[in-house]
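Enquirer: 3D model of this:
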Amino acid sequence: MNGRDLCLGFAFLTLSSAAVAADCKPVIEQPWVRAAPPGAATLAGYLVLRNPCGEAVEVVDVESRDFGMPMIHRTEEIDGISRMREAGSLVLAPGESLAFEPGGLHLMLMKPLRPLAEGDSAGIRLVLADGRRVFAEFPVRREAPAADADARP
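Expert: This is a model prediction of the structure:
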């Protein structure tokens, strides 16, 4: 092996590593949507978002095939009054997890495009700053899944 081959080998290794890093996405765990009465105009979605990647990832939006207006909100208490605000972008460091849960960070799922009853599921995807998307089926449930339950209903 000569110096040129060695340099080409390092260049290939570097490009391969960058491609693997670019393919890494955060993982949606324990997704669910709280069941609401028939005709409800707004539902709430919850999940744990885990970043197994070696680089930080940034979530900038949410999309859904089942809701006309999904948003990422955070419940805050201001002067003793609970208010919901748009969360803005969310940055997850490598190895970090972020819980979307009742009373805190959550998905506001407005304008359902079809009736969703307990046992149904809604397709939801998080949009990353680099344009990639992370999709999951969110089962509709009355209560949160057990912490050790997997993502399927």
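
Enquirer: from here on, just use CA atoms for contacts and neighbour counts.
Expert: Will do.

Enquirer: ok, longest strand in the chain?
Expert: With secondary structure taken from DSSP state E, the chain has its longest strand at strand 67-78.

Enquirer: what's the first helix or strand after that strand?
Expert: strand 81-86 (DSSP states H and E).

Enquirer: paired strands for that next one, with orientation please.
Expert: strand 67-78 (antiparallel) (DSSP bridges).

Enquirer: can you pull out the strands in the chain?
Expert: Using DSSP E, strands in the chain cover 27-34, 42-50, 57-64, 67-78, 81-86, 90-92, 97-100, 105-112, 121-128, 133-141.

Enquirer: on that earlier part again, tilt between the longest strand of the chain and strand 42-50?
Expert: 80 degrees (axes from the mean of the first three to the mean of the last three CA atoms, to 10 degrees).

Enquirer: okay, angle between strand 67-78 and strand 57-64 too, please.
Expert: 130 degrees.

Enquirer: how distant is strand 67-78 from the center of its chain?
Expert: Centre-to-centre, strand 67-78 and its host chain are 13 Å apart (CA atoms, centre = their mean, to the nearest Å).

Enquirer: export that strand as CSV, just CAs?
Expert: Extracted in CSV, the C-alpha atoms of strand 67-78 (Å, rounded to 0.1, in the frame of the first residue of the first chain):
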residue,chain,number,x,y,z
PHE,A,67,-54.8,16.4,11.9
GLY,A,68,-55.1,19.6,10.0
MET,A,69,-53.1,21.6,12.6
PRO,A,70,-50.6,19.7,14.7
MET,A,71,-48.2,21.8,16.9
ILE,A,72,-45.6,21.3,19.6
HIS,A,73,-46.7,23.0,22.8
ARG,A,74,-45.4,23.4,26.4
THR,A,75,-47.6,23.9,29.4
GLU,A,76,-46.3,26.6,31.7
GLU,A,77,-47.5,28.1,34.9
ILE,A,78,-47.4,31.9,34.9
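
Enquirer: list the buried residues in that strand.
Expert: The neighbour-count check on strand 67-78 (16 or more other CA atoms under 10 Å) flags Phe67, Met69, Pro70, Met71, Ile72, His73, Arg74, Thr75 as buried.

Enquirer: let's have the residues you listed in JSON lines, adding pLDDT and distance to Arg34.
Expert: As requested, the buried residues of strand 67-78 are exported to JSON lines (pLDDT from 0 to 100; distance: CA to CA, whole Å):
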{"residue": "Phe67", "pLDDT": "98", "distance to Arg34": "14"}
{"residue": "Met69", "pLDDT": "97", "distance to Arg34": "16"}
{"residue": "Pro70", "pLDDT": "98", "distance to Arg34": "14"}
{"residue": "Met71", "pLDDT": "97", "distance to Arg34": "15"}
{"residue": "Ile72", "pLDDT": "97", "distance to Arg34": "15"}
{"residue": "His73", "pLDDT": "95", "distance to Arg34": "15"}
{"residue": "Arg74", "pLDDT": "93", "distance to Arg34": "16"}
{"residue": "Thr75", "pLDDT": "88", "distance to Arg34": "16"}
